[in-house]
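S.K.: Sharing a sequence plus its predicted fold:
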Amino acid sequence: MGAMLSFCSGNTRSVNTQRAVLEALELAGIERRGSPDLVLFNAAVGHDLAKLSAAIQAECPGTRVLGASCAGVVGRDGPGESMHDIALMAIHGEGACISHVDGLFGSSSYAKGVELAEGLLAAPRPVHMLYLLASGIDIANDQLIAGIESVLGPDVVIFGATSSDQMQGVATFQCIDGQLYKHAAFAVGIWDPSLEVETQASHGFVAVGTPLRVTRREGNRIIELNGQAAWPVFLERLGLPPEAREADTIPIGALAEALPVALAAEYGNDHILRAVTHHSEQGEIIYATACAEGTDLWLTVRDEERIFSDMERMLQAMDSRQPGRTPVAVFHADCLARGRRLFARVMKEELVHLMQEPFTHEGAVPPWLGMYGFGEYARLGGRNAYHNYTTALAALYRRNGADGS
């Protein structure tokens, strides 16, 4: 079909693997368009990713299939938070290439970023943006980004997410052409010259109290906070017992790092957030990025009004950069802690409607692939960055007058 990429998506809920795949592909309109070159899918942990991948490949012979586990999905038809929701994005055309790595941990993040990016160098044209999906546990995301940029340059735009489980911090999964992994990453490098991308992220949490100071660390492992073993100090500050696990801390334990003034003005918040998705038996916190000694970390509170107002601010900023235009696809990474608290749970429907409405054209939401994961990739201050507890959107647009030549 040539270099120009086209996108279609579908999301559905079904316990049965085959039915889930058939319904999602039907909603995406695959029968009318023929087998895609690539299918990306997100699936809640009630599904077996390898079986989903096999079912997609059976319906779309010859298609590359890349998937990830998550705590819920978002598609054109809104959010789905059950154990059996799936969402997929089918991509037709030759304007993208794929790379993947295994063995991704905090200590190997930079080297694996280099390896991942080197796998995209054979593209017919330079890759100028990439969709990144990485493991959600024990990864130094800033180092992964740095490794990618060392090969592709800092101007490549990185967007995407890290995989998750049901916010337990036990294991997250990535599936590459039917092969299941726990510590892998894949990248879809887009070289289609007719496409450009806008990315932005927003959270809406507020830092409170006296910060904890990182007094000892190695890479992305925080060994001590305030001179004591990090995990017990973290639990104590949250008011949780020593036996608490990540499932207890993740919903309430967002940690905040102060941003420079210029970045805070763009972000609409003085702090960027980090999630603690794992800890060691020795009481270390496995942090989402490399964290320097002397860094202050604040606890945070969820500010519902600010979540919505900051979302509106973000959408206005994105629209101001592409006024009156409709994207050809939207990639979306989000956090389960965002939305309004109703009926003893956080409701996502209103927030998702708010974010989709500006991109809607003649009543139709563009092809949309979203997940509730452990973290999000989006630009900040003109540079690639990693975020937690945000809504992060990447809207792909056809360049004005682009014909793919």
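M.R.: Sure thing, it's come through.
S.K.: which residues of this protein score low on pLDDT?
M.R.: 1-2, 343, 401-405 (pLDDT under 70).
S.K.: what's the longest strand in it?
M.R.: Using DSSP state E, we find that the single longest strand of the chain is strand 205-218.
S.K.: So what touches that one?
M.R.: For strand 205-218, contacts defined as C-beta atoms under 8 Å, 6 or more residues apart in numbering pick out 222-227, 233-234, 237, 254-256, 258, 269-271, 273, 287, 291-303, 306, 389. Yep, even glycine has a C-beta here, placed from its N, CA and C like the rest.
S.K.: Buried by neighbour count: which residues of it qualify?
M.R.: 205, 207, 211-212, 214-215, 217 (16 or more other C-beta atoms under 10 Å).
S.K.: Show me how far it is from its chain's centre.
M.R.: With C-alpha atoms, centre = their mean, to the nearest Å as the basis, strand 205-218 stands 24 Å off its chain's centre.
S.K.: Give me the buried subset of the contacts of strand 205-218.
M.R.: 222-225, 233-234, 237, 254-256, 258, 269-271, 273, 287, 291, 295, 297-300, 302, 306, 389.
S.K.: For the stretch 151-300 of the chain, which segments count as strands?
M.R.: 157-162, 174-176, 179-181, 185-190, 195-202, 205-218, 221-225, 228-229, 255-258, 271-274, 278-279, 285-286, 296-302 (DSSP state E, counting those that start in this stretch).
S.K.: Specify the stretch among those strands that is closest to L104.
M.R.: The stretch from the strands of the stretch 151-300 of the chain with the least distance to L104 (C-beta to C-beta) is strand 185-190; that distance is 5.2 Å.
S.K.: buried ones in that closest one?
M.R.: Those would be 185-190, for strand 185-190 by 16+ other C-beta under 10 Å.
S.K.: follow-up on the earlier one: so which of the strands of the stretch 151-300 of the chain is nearest G375?
M.R.: Using C-beta to C-beta, these put strand 157-162 closest to G375, at 4.2 Å.
S.K.: Kindly format the C-alpha coordinates of the closest one as CSV.
M.R.: Extracted in CSV, the C-alpha atoms of strand 157-162 (Å, rounded to 0.1, in the frame of the first residue of the first chain):
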residue,chain,number,x,y,z
VAL,A,157,9.5,12.0,19.2
ILE,A,158,8.8,9.1,21.7
PHE,A,159,5.3,8.4,22.8
GLY,A,160,3.7,5.3,24.4
ALA,A,161,3.5,3.5,27.7
THR,A,162,4.8,0.9,30.1
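S.K.: Just list what that strand packs against, helices and strands only.
M.R.: strand 129-134, helix 141-152, strand 195-202, strand 329-334, strand 375-380, strand 391-398 (3 or more C-beta pairs under 8 Å, 6 or more residues apart in numbering; DSSP states H and E).
S.K.: which one of these lies closest to V114?
M.R.: Nearest of the helices and strands packed on strand 157-162 (C-beta to C-beta): helix 141-152, 4.3 Å.
S.K.: what distance separates that closest one from the centre of its chain?
M.R.: 16 Å.
S.K.: Outside of it itself, list whatever touches it.
M.R.: 104, 106, 109-118, 120-121, 126-127, 130, 132, 134, 156, 158, 162, 185, 187, 219-220, 288-290, 375, 377, 384-386.
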